[in-house]
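Chemist: Predicted coordinates and the sequence they were generated for:
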Amino acid sequence: MERFNKALMAKWIWRFLTEKDSLWARVVRACKGEMNWDEGGFRIDGHRDMRAGWWKKVLSSIVNEGKPDGWKWKATPNGIFMSKGLDFKRIWKAPTAHKAKTTAWRIMNGKMATVDNLLKRKVPFPNSEHICALCQVPPENTNHLFFSCQKSAEIWYELLSWFGKQSVLQSNAIDQYLAFTNIGHKKDAHFLVGVWICTVWSIWKERNELRFNNGKWDKGKMVADIKSRLWSWKQAYNMNTAPDDFRSWFIAVRLENSASNSDTGMLPSHVS
C-alpha cells in the first residue's frame, strides 16, 4: 500500500508539472503557490519541500537527459503499452463464469458495445441515447461507465468497505484493475481478481437492464447480487463448500480482511 500511495503521488506531481494550464493545476497553484524543481529538490514559493529528497529520487528514475520525457511500459520491449503486456492469466484462471471473464477482457481492450464504440462503427443513435444509462450523463464510454460514473463509483466503494479496504478509484480499466487487485497481499489477489471481474460484469448487466428494460437503479440490490454471484461461483469451483456457509463466508471476508491492515493481510483461506 505504501508503494502504491507513493506511485500515485508521483503520478500527480508529474501531472502538476506537465499540465500547468489545466484547471485543477491552476486551482492548486492559486491555493498553495507555485511549485518548481531545481537541483535542491521541489520548492513551493521558494521554500524547499520536506519531501524533496524523495521526489528527487523519483524523478531521477524517470527523467532522461537529452531525451524527450515520456512514459514507458516495462512489460513490452519497445516501451509502448499493449494489452498483451498485461498478465491476463489471472483473469482467465479466476473462479468466475467464463462469460464474465470475456466481458472483463473486452473491457480491458476497449471492445465493449458502449455508445461511443457503436458510433465508431456507424451504428445510428439518437442524441438522447448518448447518455450513460446509469447516471444519465453523457457520454457513455467504457471508462466512464465502469469507473468514472458516480453510480459505478458507489458500487466500488461499497465493495471496498465490505472487506475493509481503501483505494483511489482510477479512471480507466487497466489502472483500476491494477489498483484494485493489489490493495491486499499476494494471497488476496486471486479473490480480488474475481471481485473485479464480477463487478464489471454486474455493472454491464445492470446497464443493459436500465437501457433496454426500463429498469431502476438499486445500489443495495446490485451489491447484494455481486456478493451472491461471487458465492455461487465459489461453490461451482469448490465442491466442498456447504450451501449454508454463505453467512459465515460473508462475515469472514468483511471482518478478517478488515484486519489485513495488520501484519498478515490475509483473506480467510476458505475464501481465497
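Modeler: Here it is on my side, so go on. Numbering: from 1, shown residues only.

Chemist: From here on, just use CA atoms for contacts and neighbour counts.
Modeler: Will do.

Chemist: right, and A133 touches F212 too?
Modeler: No: with contact defined as CA atoms under 8 Å, A133 does not reach F212; the gap is 9.5 Å.

Chemist: Please say which of the two ends up with more neighbours.
Modeler: When neighbours are counted by other CA atoms under 10 Å, A133 and F212 differ, and A133 comes out ahead with 24 against 10.

Chemist: Can you tell me the SS state at the more buried one?
Modeler: Secondary structure state of A133, per DSSP: H, G, I helix; E, B strand; the rest coil, is coil.

Chemist: next one: V137
Modeler: Assigned with three-state DSSP, V137 falls in the coil class.

Chemist: That one and R26, how far apart?
Modeler: From V137 across to R26, the span is 26 Å (CA to CA, to the nearest Å).

Chemist: the more surrounded of those two?
Modeler: Remark: of V137 and R26, R26 carries more neighbours, 16 against 13, as counted by other CA under 10 Å.

Chemist: And the pLDDT at the residue nearest to that one when sequence neighbours are not counted?
Modeler: Among residues not flanking R26 along the chain, K20 sits closest, at 6.8 Å (CA to CA, 6 or more residues apart in numbering). With respect to pLDDT, K20 scores 74.

Chemist: and what of M9?
Modeler: Per-residue confidence at M9 stands at 71 (pLDDT).

Chemist: Which SSE is immediately downstream of the strand or helix carrying it?
Modeler: Secondary structure assignment for M9, by DSSP states H and E: helix 2-18. Using DSSP H and E, the helix or strand that follows helix 2-18 in sequence is helix 23-32.

Chemist: pLDDT averaged over that following helix - what is it?
Modeler: The pLDDT scores in helix 23-32 average 71.

Chemist: Tell me what angle it forms with helix 2-18.
Modeler: For helix 23-32 against helix 2-18, the angle by axes from the mean of the first three to the mean of the last three CA atoms, to 10 degrees is 90 degrees.

Chemist: Kindly format the C-alpha coordinates of helix 23-32 as PDB.
Modeler: Written as PDB, here are the backbone C-alpha positions of helix 23-32 (Å, rounded to 0.1, in the frame of the first residue of the first chain):
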ATOM      1  CA  LEU A  23      -7.900  23.900 -14.500                       C
ATOM      2  CA  TRP A  24      -7.100  21.700 -11.500                       C
ATOM      3  CA  ALA A  25      -3.400  22.700 -11.700                       C
ATOM      4  CA  ARG A  26      -4.300  26.400 -11.700                       C
ATOM      5  CA  VAL A  27      -6.500  25.900  -8.700                       C
ATOM      6  CA  VAL A  28      -3.700  24.200  -6.800                       C
ATOM      7  CA  ARG A  29      -1.300  27.000  -7.600                       C
ATOM      8  CA  ALA A  30      -3.800  29.600  -6.500                       C
ATOM      9  CA  CYS A  31      -4.300  27.900  -3.200                       C
ATOM     10  CA  LYS A  32      -0.800  26.500  -2.500                       C
END
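
Chemist: Buried ones in it, by neighbour count?
Modeler: Residues A25, R26 are the ones in helix 23-32 that count as buried (16 or more other CA atoms under 10 Å).

Chemist: Stretch 98-118 too?
Modeler: By neighbour count on 16+ other CA under 10 Å, the buried set for stretch 98-118 is 100-101, 103-105, 107-108, 110, 112, 114-117.

Chemist: List of residues touching that stretch?
Modeler: If you take CA atoms under 8 Å, 6 or more residues apart in numbering as the criterion, stretch 98-118 is touched by 83, 91-92, 94, 124-125, 130, 139-142, 173-174, 197-198, 200-201.

Chemist: can you give me the end-to-end distance of that stretch?
Modeler: Taking CA to CA, the first and last residues of stretch 98-118 lie 24 Å apart.

Chemist: what mean pLDDT does that stretch have?
Modeler: In this model, stretch 98-118 has a mean pLDDT of 93.

Chemist: so where do the strands sit in the chain?
Modeler: Along the chain, the segments classed as strands by DSSP state E run 35-38, 41-44, 47-48.
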